[in-house]
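A.B. asks: the sequence and its predicted three-dimensional model are supplied below.
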Amino acid sequence: MSKYVIAIDQGTTSSRAIIFDRSGSIVSVGQKEHEQIMPHAGWVEHDATEIWQNVQEVIGSALGRADITRHDIATIGITNQRETAVVWDRTTGKPVYNAIVWQDIRTQPIVDRLAEDGGVERFKDIVGLPLAPYFSGTKIAWILENVDGAREAADRGDLLFGTTDSWVLWNLTGGVDGGVHVTDVTNASRTLFMDLETLEWREDILEVFGVPRSMLPEIKSSSEVYGYAEDSSLLRETPISGILGDQQSATFGQAAFTAGESKNTYGTGCFLIFQTGEEIIRSQNGLLTTVGYKLGDGPTHYALEGSIAVTGSLIQWLRDQLGIIDSAPEVEALADTVEDNGGVYFVPAFSGLFAPYWRPDARGAIVGLTRYVTKAHIARAALEAVAFQTRDVLDAVNADAGVDLAELKVDGGMVANDALMQFQADVLGVPVVRPVVAETTALGAAYAAGLAVGFWKDLDDLSSNWQEDRRWEPELDEAERDRQLRLWRKAVTKSMDWVDEDLK
């Protein structure tokens, strides 16, 4: 009997394969980064071919480190960077252009054009999302309008679109030789094209965007058998039976299944998801309405989400662009050399401001600089910016849901930073809780896949796996918290209205 489940986590900066046992514990990991391609200001791309090559390599690494074969693997789950768009030729298997990453903001002119009739909330009641460059729909439209021959090929039915889950699945199941072209409801809900109630593509919206229906994958649940790994794969004949977009997957991995439960993932960006159960709540406070998960023929579960574009990538920026640290973990030690931020507030609006502001005209700003300020103060302000942005989103969640959150479950790479987690609890005024297994994004995909093939029996099985590792209680005086929040929000206003006709 197979002992393990393998999850492919195709993320923004790297691809990973993680093998889990029945307790939800990590057995082994394979990981490889891919290139971040930035040809112009505001443009972010990935080489989809490189991503697929890396996925194959990390599968081999994970199997080798665990000293197991495909016969030990019950099933495969996939989780992915959600809004990143890949368009490829179904006959050659080659992308027609680099994958356009969720952080990319080149499509703002398309957003502006579409918003002329009905504003940015033109389709929000149907799809749960405002018009914004963040979502994959505008990225597909840009490729069709700007890549030579793409429009003609799409009209012939030769092009396929997918977020990276679909790209990996199509290749893993055979590619040009019978590859399965499917996505799940969570990823489909991030395109601007899926009706939240019917879970089907909206032909009228596709027509407005100029995207042929033939390009789009079939929408499936998050937990069912989609196909089997092809014969040339190290996992040949193994079923692929779980797909969840990365943030929904992290929520599932946190065993936050029911209405009122939430989590915050600290990765390249920061994403707070609040489960609303089978009820669709349409946000009045700048949040997104999205699909949380759907297990086979079971009911659809919905969620509110606050999406923050720049958190972990801000620390990468300090390392790679400014060079004030040599590795990401050094930021905590550097920030700890000063008692406070020295009056500095850092608003990392590199891709505009996401939730709850949705201001594409904003750009990054460091305010409060004096001669007193050192690189340590800037490092501390960068960490604090992560926590402040999360507070802004949580306030919006509380307003939409009508109930204050009692505690926040956290996961992702940055939760290893104790100073950040303590400041997060201080700024929120509620406890912050980290699980034993912090790799909840991959774990959620493993859970969804395992449920489909009976590796785990039910949600109670998964809940029993969850264990608390550490809890941070708020320690900051309420008056000081209010003062810092006031200054942070003042800093946010300074980042707005930067992009105008003279500066794109």
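C.D. replies: Looks like it arrived, so ask away. Numbers count the residues shown, from 1 in each chain.

A.B. asks: helices of the stretch 101-250 of the chain, start to end?
C.D. replies: 108-115, 124-127, 136-146, 150-155, 164-172, 185-188, 203-209, 246-253 (DSSP state H, counting those that start in this stretch).

A.B. asks: tell me which of those is the most buried.
C.D. replies: Sort the helices of the stretch 101-250 of the chain by mean neighbour count, taking mean count of other Cβ atoms under 10 Å, and helix 246-253 sits at the top with a mean of 32. Any C-beta I mention is one placed from the backbone N, CA and C, and that applies to glycine too.

A.B. asks: Gly11 and Val168, how far apart?
C.D. replies: Per Cβ to Cβ, to the nearest Å, Gly11 is found 12 Å from Val168.

A.B. asks: identify the contacts common to those two.
C.D. replies: Asn80 (Cβ atoms under 8 Å, 6 or more residues apart in numbering).

A.B. asks: if I look at Thr276, how far off is Ala303?
C.D. replies: 6 Å.

A.B. asks: hang on, the earlier thing: of all the helices of the stretch 101-250 of the chain, which one is nearest Gln321?
C.D. replies: Among these, the nearest to Gln321 by Cβ to Cβ is helix 108-115 (22.5 Å).

A.B. asks: quick one, what contacts Val101?
C.D. replies: Thr12, Val44, Glu45, His46, Gln81, Thr84.

A.B. asks: just the pLDDT at the last one, thanks.
C.D. replies: What it means is Thr84. On the pLDDT scale, Thr84 is placed at 97.

A.B. asks: list the residues that contact it.
C.D. replies: Thr12, His46, Ala99, Ile100, Val101, Trp102, Ser136, Lys139, Thr163, Thr164.

A.B. asks: tell me where the longest helix sits in the protein.
C.D. replies: Ordering each helix of the chain by length in residues (DSSP state H) puts helix 375-401 first.

A.B. asks: which is the next helix or strand following it?
C.D. replies: Downstream of helix 375-401, the first helix or strand assigned by DSSP states H and E is strand 408-411.

A.B. asks: so which bits of that next one are buried?
C.D. replies: Leu408, Lys409, Val410, Asp411 (16 or more other Cβ atoms under 10 Å).

A.B. asks: contacts for it, please.
C.D. replies: 250, 253-254, 256, 261-266, 272, 394, 421, 424, 428, 430-435, 438-441.

A.B. asks: chain center to the helix or strand where Leu485 lies: distance?
C.D. replies: Assigned by DSSP H and E, Leu485 belongs to helix 478-495. The chain centroid and the centroid of helix 478-495 are separated by 27 Å under Cα atoms, centre = their mean, to the nearest Å.

A.B. asks: do stretch 69-78 as well
C.D. replies: Its chain's C-alpha centre and that of stretch 69-78 lie 24 Å apart, by Cα atoms, centre = their mean.

A.B. asks: residues in contact with that stretch?
C.D. replies: With Cβ under 8 Å, 6+ apart, stretch 69-78 has contacts from 2-8, 10, 19, 63, 66, 165, 168-169, 172, 229, 234-244, 442, 444-450, 452-453, 455.

A.B. asks: quick one on the thing from earlier: please say which of Thr276 and Ala303 ends up with more neighbours.
C.D. replies: Each of Thr276 and Ala303 has its neighbours counted (other Cβ atoms under 10 Å); Ala303 has more, 29 against 20.

A.B. asks: quick check: the more buried one touching Leu287?
C.D. replies: No. Checked against Cβ atoms under 8 Å, the pair Ala303 and Leu287 is beyond contact range at 9.5 Å.

A.B. asks: hang on, the earlier thing: mind listing what's buried in the helix holding Leu485?
C.D. replies: Applying 16+ other Cβ under 10 Å to helix 478-495 flags Arg481, Gln484, Leu487, Trp488, Ala491, Val492, Lys494, Ser495 as buried.

A.B. asks: check the first one and give its pLDDT.
C.D. replies: Just to be clear, that refers to Arg481. 95.

A.B. asks: the fifth one now?
C.D. replies: At Ala491, the predicted lDDT confidence score is 96.

A.B. asks: do the same with the second one
C.D. replies: Listed pLDDT for Gln484 reads 95.

A.B. asks: out of everything not next to it in sequence, what's closest to it?
C.D. replies: Closest residue to Gln484 in three dimensions, ignoring its sequence neighbours and counting by Cβ to Cβ, 6 or more residues apart in numbering: Val427, at 7.3 Å.

A.B. asks: how many residues are close by the one you found?
C.D. replies: 24.

A.B. asks: what of Ser61?
C.D. replies: 17.

A.B. asks: which strand or helix spans it?
C.D. replies: helix 48-66.

A.B. asks: that helix packs against which elements?
C.D. replies: strand 4-10, strand 14-20, strand 26-33, helix 164-172 (3 or more Cβ pairs under 8 Å, 6 or more residues apart in numbering; DSSP states H and E).

A.B. asks: immediately after the third one, which helix or strand?
C.D. replies: What that stands for is strand 26-33. Strand 26-33 is succeeded, C-terminally, by strand 45-46 (DSSP H and E).

A.B. asks: so where's the protein shaky on pLDDT?
C.D. replies: The chain contains residues with pLDDT under 70 at 1, 501-504.

A.B. asks: give me that answer again for 80
C.D. replies: 1, 402-405, 500-504 (pLDDT under 80).

A.B. asks: how close does the residue located most distally from the centre of it get to His377?
C.D. replies: Of all residues in the chain, Arg371 has its C-alpha farthest from the mean position, at 37.8 Å, by Cα atoms, centre = their mean. With the distance defined as Cβ to Cβ, Arg371 ends up 11 Å from His377.

A.B. asks: coming back round to it: report the buried residues of the longest helix of the chain.
C.D. replies: 375-397, 400-401.

A.B. asks: next: stretch 431-449.
C.D. replies: 432-435, 437-449.

A.B. asks: can you flag which of these belong to strands?
C.D. replies: Among the buried residues of stretch 431-449, the residues falling in strands (DSSP state E) are Val432, Val433, Arg434, Pro435.

A.B. asks: the strands in the stretch 151-300 of the chain, which residues?
C.D. replies: 159-162, 182-184, 218-220, 223-228, 239-245, 262-266, 270-277, 288-294, 300-308 (DSSP state E, counting those that start in this stretch).

A.B. asks: for the fifth one, output the C-alpha coordinates as CSV.
C.D. replies: Extracted as CSV, the C-alpha positions of strand 239-245 are listed here (Å, rounded to 0.1, in the frame of the first residue of the first chain):
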residue,chain,number,x,y,z
PRO,A,239,-3.1,9.8,-10.5
ILE,A,240,-3.2,13.6,-10.2
SER,A,241,-6.2,14.2,-8.0
GLY,A,242,-5.9,17.6,-6.3
ILE,A,243,-5.5,21.2,-7.5
LEU,A,244,-5.8,24.3,-5.4
GLY,A,245,-4.5,27.8,-6.0
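
A.B. asks: between strand 223-228 and it, find me the angle.
C.D. replies: 120 degrees (axes from the mean of the first three to the mean of the last three Cα atoms, to 10 degrees).

A.B. asks: strand 239-245 pairs with which strands, and in what direction?
C.D. replies: Note on strand 239-245: by DSSP bridges, its sheet partners are strand 73-80 (parallel), strand 223-228 (antiparallel).

A.B. asks: between it and strand 270-277, how big is the angle?
C.D. replies: Using the same axes, to 10 degrees: strand 239-245 against strand 270-277 is 110 degrees.

A.B. asks: strand 239-245: how far from the chain's middle?
C.D. replies: On Cα atoms, centre = their mean, the centre of strand 239-245 falls 16 Å from that of its chain.

A.B. asks: same check on the longest one?
C.D. replies: Here strand 300-308 is found 11 Å from its chain centre; the criterion is Cα atoms, centre = their mean.

A.B. asks: packing partners for that strand?
C.D. replies: helix 246-253, strand 270-277, strand 288-294, helix 375-401.

A.B. asks: of all the ones you listed, which lies closest to Ala333?
C.D. replies: Of all those, helix 375-401 comes closest under Cβ to Cβ, at 9.1 Å.
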